[in-house]
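[1] Just need the structure, nothing else, for what follows:
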Amino acid sequence: MKSQEFNALKGIHPGLFLEYELKKRNLPKGQLALSIGEYPQTISAITKGKRLMNTALALKIEHKLNIEEGFFMILQTYYEIKQIKQQENKSHHPDLQKLRKILFWDTSFENIDWILQKEAIIKRVFERGNEQEKNELIAFYGDDIVNKILKKKEN
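    Residues are numbered from 1 along each chain as shown. The predicted structure is shown next:
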């Protein structure tokens with residue numbers, strides 16, 4: 001797999017890639033499970049993202065599907081990194097008492113990722129927000145980031 005292709009996969013659950021591979025190969029999950037000595041429920045839970053991949057299982061699947069050794073565990077690691085960063089981002093936010101929830105009517109205010117979604121947040125607040133809200137975003141993100149995003153919007 002090429003570096004660019006792999007970068008596109010960083011952060012996805014390894015089960016999603018496994019699901020894709022099984023469909024591409026027209027291989028039922030149950031058949032894969034039985035061929036590697038695992039329970040079909042285990043493979044199903046992984047492909048649904050409800051269970052994490054472990055090293056022993058990853059090696060069995062990689063061997064059976066002729067996928068490079070370690071690939072699924074690399075995906076698993078990047079997935080876990082993404083999960084940790086998302087949790088950290090949720091606790092890092094501007095002073096929410098200075099922002100009206102109505103500005104974000106189309107999303108759950110509590111689930112906004114203030115770091116990952118900063119471009120959309122800045123654009124929206126600067127289109128519809130009041131001075132206090134704009135000033136809060138400038139204080140949180142900094143002048144440079146806000147100005148860069150707003151200039152990008154003008155182009």
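[2] Strands along the protein, start to end?
    Counting by DSSP state E, the chain yields no residue ranges for strands.
[3] any idea how far the residue sitting furthest away from the middle of it lies from Ala8?
    Distance from the C-alpha centroid of the chain peaks at Glu131, with 32.2 Å (Cα atoms, centre = their mean). In this structure, Glu131 and Ala8 are 40 Å apart, going by Cβ to Cβ, to the nearest Å. Heads up, the C-betas are built off the backbone N, CA and C, glycines and all.
[4] cool, Ser108 as well?
    Distance from Ser108 to Ala8, by Cβ to Cβ: 27 Å.
[5] and if you look at Ile84?
    Distance from Ile84 to Ala8, by Cβ to Cβ: 20 Å.
[6] now swap in Glu136 and tell me
    Per Cβ to Cβ, Glu136 is found 34 Å from Ala8.
[7] likewise Arg124?
    Distance of Arg124 to Ala8, computed by Cβ to Cβ: 27 Å.
[8] which residues does the residue lying closest to Leu75 once chain neighbours are set aside contact?
    Once flanking residues are discounted, Leu75 sits nearest to Pro14: 4.0 Å by Cβ to Cβ, 6 or more residues apart in numbering. For Pro14, the contacting residues are Ile46, Met53, Ala58, Phe72, Met73, Leu75, Gln76, Tyr79, by Cβ atoms under 8 Å, 6 or more residues apart in numbering.
[9] Redo those as a markdown table? Include neighbour count.
    Shown next, in a markdown table, are the contacts of Pro14 (neighbours: other Cβ atoms under 10 Å):
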| residue | neighbour count |
| --- | --- |
| Ile46 | 27 |
| Met53 | 20 |
| Ala58 | 22 |
| Phe72 | 25 |
| Met73 | 17 |
| Leu75 | 23 |
| Gln76 | 19 |
| Tyr79 | 21 |
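[10] Filter those residues down to just the ones in helices.
    Ile46, Ala58, Phe72, Met73, Leu75, Gln76, Tyr79 (DSSP state H).
[11] Name the nearest of the residues you listed relative to Leu116.
    Ranked by distance to Leu116 (Cβ to Cβ), the ones in helices among the contacts of Pro14 are led by Tyr79 at 15.4 Å.
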